[in-house]
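**Q** sequence unknown, structure follows:
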């Protein structure tokens, strides 16, 4: 659909949770639909780990449709005939917002000199963008997975900036198992000799390591049932096992494809930084250890959605947030949807999700 | 405890499921306890993917105690005062039995010239060992995880060779998710430039890739609850996050330790071959597609044990085998034990398992 692509430079340096600041921050974003006269119909859509701002417009590298075309557009659950939808590439990423591949003040790419950032730092940049756009209060902030973490962080730290908070398949903190899978991916990248401590720009990138990291993550995005239903033990383009190390099984072929396709569009250092931000995420810890205190100032309406087959951020994590919101006296609705796809359900065809989103946005 | 270490050479070449044969096969094994006069008190213990024959004797490389000391010994559930326990390194492995690091007939290491083998090929070598030892019929075959696959394969293919079959935390077939995790590990090894298509013997081994593979596997061995209980979000030897890429979290430090420790004692090519054998394992497929038919000739007593927190080979997989055994008219008992540790429960302190094993062996 019709989109506007823009990049702005924040007016000043961005203070960071780790101390220090990011000197010059660019934020690349897409918008869909018209902002109304009183600037009250804006929805900030927050993307996931390997997502980007191309929600409902073709990806400039892969040419593939936007990652949430089914949800965002005229007459769709996030209706661009009514709402002005903004999706910004998170800082630390690699699709136009400032990240490890960007030029540092000395003119060379940051590489591993890029500071370790947090989810709240990403949201601080989003708030800078909203300031620049003159949007004081959002109609809603919406996000799935890491996007949901950003939505929660905005609600907790800038509660006056949004009237609605929609959090899908997400969590208020990364578990030990979540951290373990990310650490596995980081070690795979760092084990690739092409990584060169992050100084690979202009040369060959550590694509082998990044592909392995993506494969590991991809396994966590699908349920065991989804993998069995989709692939089972089916062989790939052959009648019998090869008794070799080719991708005999469809699931092997699928993972290899996911891994190698990903390296075309994503920067390995960004993967390191964004997974680190996710692992550091613990909204309760940020607010003195009690999650309800994170939402003490919230007057927004909340909606949390989980999927019964999601083992990455299971329903218990959403319920944990709902209990904290209840304790804080916030208005919250919660639904666990039944879908077979696992964590990736939020991106896939789950009509019940469309209805929940459309209904909540009003 | 007191053990006897031996290596025998099978009298002839070993025919393989993939066609062809392995010309010269050595089998390295440990024994514990005395074989009685009528050779009726032998128990074959089958080890798991990265296990070895050092069940109850110190590992020659790491110096650590045997992997099942708690279960095997005088007066223990597998009582070496009564039973003659044999544990053989599987072919394809790297602790003395013929594998990819062994010399091929041309005198150089096989490397990737080693044939792709199956679980049944491993068991065929075990049967060759039993023949050489003059043991016609075992008191029992016992195994956990991949060891359980070997026990099932022996029962299905050489039913006359054992009176009891004890299968712990195992499966009759690898699921798509099981294959996915193994493929991830293989890709990590093959992505390591030191792997060199398997021709790294005498030089630097692909330890980085092997460590990543081990980390991936290790995550699957523990339950989410076990990881949370053991590590949670606890920091490692520090009071605050470092805002860097060190192992801030205990779970990261643990995984790195598991990965790097593993490379000291295991060969990367063996990891490729043994995971492949496991992925190929589908006992029903071997017997015309119906699992019950695999057990048509079985007159042994079976016992299956699963753990409620095991998400690698969940209880449903054991139950699937039990149903097939029921359909085949075999004598089978089944118990799901409650233990928090996940798949690794079979190696850890679960007193109920001791009682089940002791009781079943009689």
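**A** The structure has been received and is ready for your questions. Note that the coordinates shown come from a computational prediction; the quantities given were computed from them, not determined experimentally.

**Q** Pull the contacting residues for the nearest residue to residue A:354 once chain neighbours are set aside.
**A** Nearest non-adjacent residue to residue A:354, counting by CB to CB, 6 or more residues apart in numbering or on different chains: residue A:77, 4.5 Å away. Quick note: C-beta positions are derived from backbone N, CA and C, even for glycine. For residue A:77, the contact set (CB atoms under 8 Å, 6 or more residues apart in numbering or on different chains) comprises A:71, A:354-355, A:357-358, A:361.

**Q** Mind putting the residues you listed into a markdown table with pLDDT?
**A** Shown next, in a markdown table, are those (pLDDT from 0 to 100):
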| residue | pLDDT |
| --- | --- |
| A:71 | 98 |
| A:354 | 97 |
| A:355 | 97 |
| A:357 | 98 |
| A:358 | 97 |
| A:361 | 97 |
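
**Q** in a strand, that's where residue A:7 is, yeah?
**A** Yes. According to DSSP: H, G, I helix; E, B strand; the rest coil, residue A:7 belongs to a strand.

**Q** these two touch, right, it and residue A:102?
**A** No. The criterion here is CB atoms under 8 Å, and residue A:7 misses it with residue A:102 at 11.4 Å.

**Q** Looking at the two, which is more packed in?
**A** In this view residue A:7 and residue A:102 are compared by other CB atoms under 10 Å in any protein chain shown, and residue A:102 has more residues nearby, 18 against 14.

**Q** ok, the more buried one to chain B distance?
**A** 19 Å (CB to the nearest CB, to the nearest Å).

**Q** so that residue makes contact with residue A:109?
**A** Yes. The pair residue A:102 / residue A:109 is scored as a contact, 6.7 Å apart, by CB under 8 Å.

**Q** quick one, what contacts residue A:28?
**A** Counted by CB under 8 Å, 6+ apart, residue A:28 has contacts A:5-7, A:53, A:88-89, A:95-97.

**Q** which of those lies closest to residue B:136?
**A** Lowest distance from residue B:136 to the contacts of residue A:28 (CB to CB) belongs to residue A:95, with 67.8 Å.

**Q** for that closest one, what are its contacts?
**A** With CB under 8 Å, 6+ apart, residue A:95 has these contacts: A:28, A:52-54, A:89.

**Q** can you count the residues close to residue A:103?
**A** Around residue A:103 there are 12 residues (other CB under 10 Å).

**Q** Now it. Nearest residue, chain neighbours left out?
**A** Using CB to CB, 6+ apart, the closest residue to residue A:103 is residue A:109 (6.3 Å).

**Q** Would you mind confirming that that neighbour makes contact with residue A:94?
**A** No. Residue A:109 is beyond contact range of residue A:94, at 10.9 Å (criterion: CB under 8 Å).

**Q** which residues touch stretch A:51-67?
**A** Stretch A:51-67 has contacts (CB under 8 Å, 6+ apart) with A:1, A:3, A:5, A:28-30, A:32, A:45, A:47, A:68-69, A:72-73, A:80, A:85, A:87-89, A:93, A:95-96, A:146-147, A:261, A:264-265, A:347.

**Q** Ok, stretch A:312-323 next?
**A** Outside stretch A:312-323, the residues that touch it by CB under 8 Å, 6+ apart are A:145, A:152, A:167, A:169-173, A:175, A:178, A:220-221, A:291, A:304-308, A:332, A:334, A:336, A:342-343.

**Q** mind checking how far residue A:190 is from residue A:81?
**A** 47 Å (CB to CB, to the nearest Å).

**Q** out of those two, which sits in the busier spot?
**A** residue A:190 (19 against 10).

**Q** can you count the residues close to the nearest residue to that one once chain neighbours are set aside?
**A** Leaving aside its sequence neighbours, residue A:190 sits nearest to residue A:209 (CB to CB, 6+ apart; 7.1 Å). Residues contacting residue A:209 under the criterion other CB under 10 Å number 29.

**Q** Please apply the same query to residue A:243.
**A** Neighbourhood size, residue A:243 [other CB under 10 Å]: 18.

**Q** for residue A:328, same thing?
**A** Neighbours around residue A:328, by other CB under 10 Å: 19.

**Q** What sits closest to it if chain neighbours are left out?
**A** Nearest to residue A:328 is residue A:295, by CB to CB, 6+ apart, at 4.0 Å.

**Q** give me the beta-bridge partners of residue A:337?
**A** Beta-bridge partners for residue A:337, by DSSP bridges, are residue A:307.

**Q** can you pull the contacts of it?
**A** A:305-308, A:345, A:350, A:352-353, A:356.

**Q** Tell me how many other residues crowd residue A:199.
**A** Neighbours of residue A:199 (other CB under 10 Å): 14.

**Q** ok, now which ones touch it?
**A** A:111-112.

**Q** before we move on, what about residue A:167?
**A** By CB under 8 Å, 6+ apart, the neighbours of residue A:167 are A:143, A:148, A:151-152, A:302-305, A:318, A:321.

**Q** Those in helices, which ones?
**A** Cross-referencing the contacts of residue A:167 against helices under DSSP state H gives A:148, A:151-152, A:318, A:321.

**Q** And the residues you listed, which two are furthest apart?
**A** A:151 and A:318 (12.3 Å).

**Q** out of these two, which sits in the busier spot?
**A** residue A:151 (29 against 25).

**Q** Thank you kindly, that will do.
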